[in-house]
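J.: here is the input, now give the coordinates:
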Amino acid sequence: MTRAPAYLRAGLLLGIGLGGFVDGILLHQIFQWHAMVSSLMPPVDLVSAKVNMFWDGIFHGLMWLVTVAGIQQLWRARDARQRPHGGYIIGAMLVGWALFNLIEGILHHHLLGLHHVREFVMDRAMWDYGFLAVSVAIGAGGLLLMRRAGRVAA
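T.: I've put the predicted structure just below:
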């Protein structure tokens with residue numbers, strides 16, 4: 001059995017990058033629940049909306065770079081003599097997504113207060129803690145999938 005560190009790195013980076021895209025596209029753009037700095041500068045006029053959009057763009061650019069790094073790691077790992085089962089990489093991606101959510105949630109929602117999951121609701125702390133709970137569940141599912149798929153595929 002192999003731990004496949006190159007595939008683990010690839011999966012974690014892809015999970016972080018794609019998890020960031022899920023957050024930015026779904027919560028920022030489609031649902032419009034928050035923007036990158038919407039607690040500091042609520043997007044109530046054109047100028048504040050443009051500032052938030054700028055920081056959302058910086059965030060998406062960083063997530064793009066992390067995703068490219070994940071693809072690069074996956075490309076480098078392809079020549080490994082032992083390849084893990086596909087579920088291992090998917091599990092690592094789920095763990096990466098959970099890590100992104102946990103770090104982003106704790107840092108941005110709780111410590112820095114840049115934004116909250118649902119910015120303009122009375123019980124926004126409930127949404128922030130729910131986001132962390134869902135993230136733990138995603139990570140646990142990813143670890144379980146990695147463990148079950150830990151065997152090496154021929």
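
J.: only C-alpha atoms from now on, for both contacts and neighbour counts.
T.: Noted.

J.: what about the longest helix in the chain?
T.: In the chain, taking DSSP state H as the definition, the longest helix is helix 46-77.

J.: buried set for it?
T.: Neighbour counts using 16 or more other C-alpha atoms under 10 Å place 48-49, 51-53, 56, 60, 63-64, 66-71, 73-74, 77 of helix 46-77 among the buried residues.

J.: helix or strand right after that helix?
T.: Using DSSP states H and E, the helix or strand that follows helix 46-77 in sequence is strand 83-84.

J.: quick one: buried residues of the next helix or strand after that next one?
T.: Following strand 83-84 in sequence order, the next helix or strand is helix 86-104 (DSSP H and E). By 16+ other C-alpha under 10 Å, the buried positions in helix 86-104 come out as 87-102, 104.

J.: what's the angle between helix 86-104 and helix 46-77?
T.: Put simply, helix 86-104 runs at 150 degrees to helix 46-77, going by axes from the mean of the first three to the mean of the last three C-alpha atoms, to 10 degrees.
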